[in-house]
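# mind folding the following:
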Amino acid sequence: MQKKIPSENIKDLRSKTGAGMTDCKRALEASSGDVAGAIEILRKKGLATADKKSNRIAIEGLVESYIHAGYRLGVLVEINCETDFVARQPKFQQLAKDIAMQIAACQDVKYVSQVDIPETTVKYEERLELQKDDLVNKSDEIKSKIAKGRLEKRLKELSLLDQSFIKEQSITVGELIKQHISLLGENIRVRRFQRFLLGEGLESKSNNFVDEVSDMINTK
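Model prediction:
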């Protein structure tokens, strides 16, 4: 006999995930009442739904800004959705704010995704890896294998969508966006962004903004 799921548990799961009541009930039943398991089930279903919508045209949206405390670092990011209705939704606007803050915290990020990285940059990074001192005495086969792994890691460091979300390290920014595609029912994409660092190119002084932004988030 299937275990009856209390309505309070269903409502609690709905508040945590934004999924419909029926979906929450089914997920809890499938996980025998385990909330963590139910969340994982809904996440997998949500991501699958998001993948189907990821090719739809997104021309609405908004431009979000983030100015770090001290006014020395700023970010502008354009995030698109399919309709102005979704662009006005608080969840979409919060997503835009979170992504702007993410960009501010990730100084190595230069591109939205790996597919945006120019081939010249990929070749340059590959040459750097192959020329590192610890590979000099390796065979060509081993050298190529190690360099390939390091290159993949480096390309992820340059890609916004591959970053761990600063507010929930267990998911990437790409997965965060897919969750919102499922939640809001429209394709969502980051089109472009620009980071502004006061005095950049004029002085060599640098600050650890990653730690500063993280500390600010944790104190909220």
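
# could I get the buried residue list for stretch 63-73?
Across stretch 63-73, burial judged by 16 or more other Cβ atoms under 10 Å covers 64, 66, 68, 73. In short, each C-beta sits where N, CA and C put it, glycine included.

# how about the closest residue to the second one other than its chain neighbours, what does it touch?
The one in question is residue 66. Spatial nearest neighbour of residue 66, chain neighbours left out: residue 100 (3.7 Å); criterion: Cβ to Cβ, 6 or more residues apart in numbering. With contact taken as Cβ atoms under 8 Å, 6 or more residues apart in numbering, residue 100 is in contact with 64, 65, 66, 75, 76, 77, 193.

# so for the fifth one, what's the pLDDT?
If I follow you right, that is residue 76. At residue 76, the model reports a pLDDT of 97.

# would you confirm that it belongs to a strand?
Yes: residue state for residue 76 (DSSP: H, G, I helix; E, B strand; the rest coil) corresponds to a strand.

# use 30 as the first number from now on
Yes, from this point I'll number from 30; that puts the last item at residue 105.

# what is it paired to in the beta sheet?
When bridges are called by DSSP bridges, residue 105 pairs up with residue 94, residue 223.

# that one: neighbour count?
15 (other Cβ atoms under 10 Å).

# surely it is in contact with residue 92?
Yes: contact criterion Cβ atoms under 8 Å: residue 105 and residue 92 qualify, at 6.2 Å.

# relative to residue 215, how far out is the residue nearest the centre of the chain?
When the chain is reduced to its mean C-alpha position, the nearest residue by Cα atoms, centre = their mean turns out to be residue 202, at 0.6 Å. Distance, residue 202 to residue 215, by Cβ to Cβ, to the nearest Å: 18 Å.

# likewise residue 140?
23 Å.

# which of the two has more neighbours?
residue 215 (23 against 18).

# which of the helices and strands in this structure ranks last by mean pLDDT?
In the chain, the helix or strand scored least confidently by mean pLDDT, DSSP states H and E is helix 238-248, which has a mean of 63.

# re earlier: and the least confident of the buried residues of stretch 92-102?
Scoring those by pLDDT puts residue 97 last, at 91.

# quick check: which element contains the residue nearest to that one when sequence neighbours are not counted?
Setting aside the residues directly before and after it, residue 97 is nearest to residue 133 in space (Cβ to Cβ, 6+ apart), at 5.6 Å. Using DSSP states H and E, residue 133 maps to helix 119-134.

# what's the neighbour count on residue 115?
Other residues close to residue 115 by other Cβ under 10 Å number 20.

# that one touches residue 215, doesn't it?
Yes: shown here, residue 115 and residue 215 form a contact pair, counting by Cβ under 8 Å, at 5.0 Å.

# for the helix or strand where residue 56 lies, give the mean pLDDT please.
Secondary structure from DSSP H and E places residue 56 in helix 50-59. For helix 50-59, mean pLDDT is 84.

# run through the neighbouring helices and strands of that helix.
helix 36-46, helix 64-82 (3 or more Cβ pairs under 8 Å, 6 or more residues apart in numbering; DSSP states H and E).
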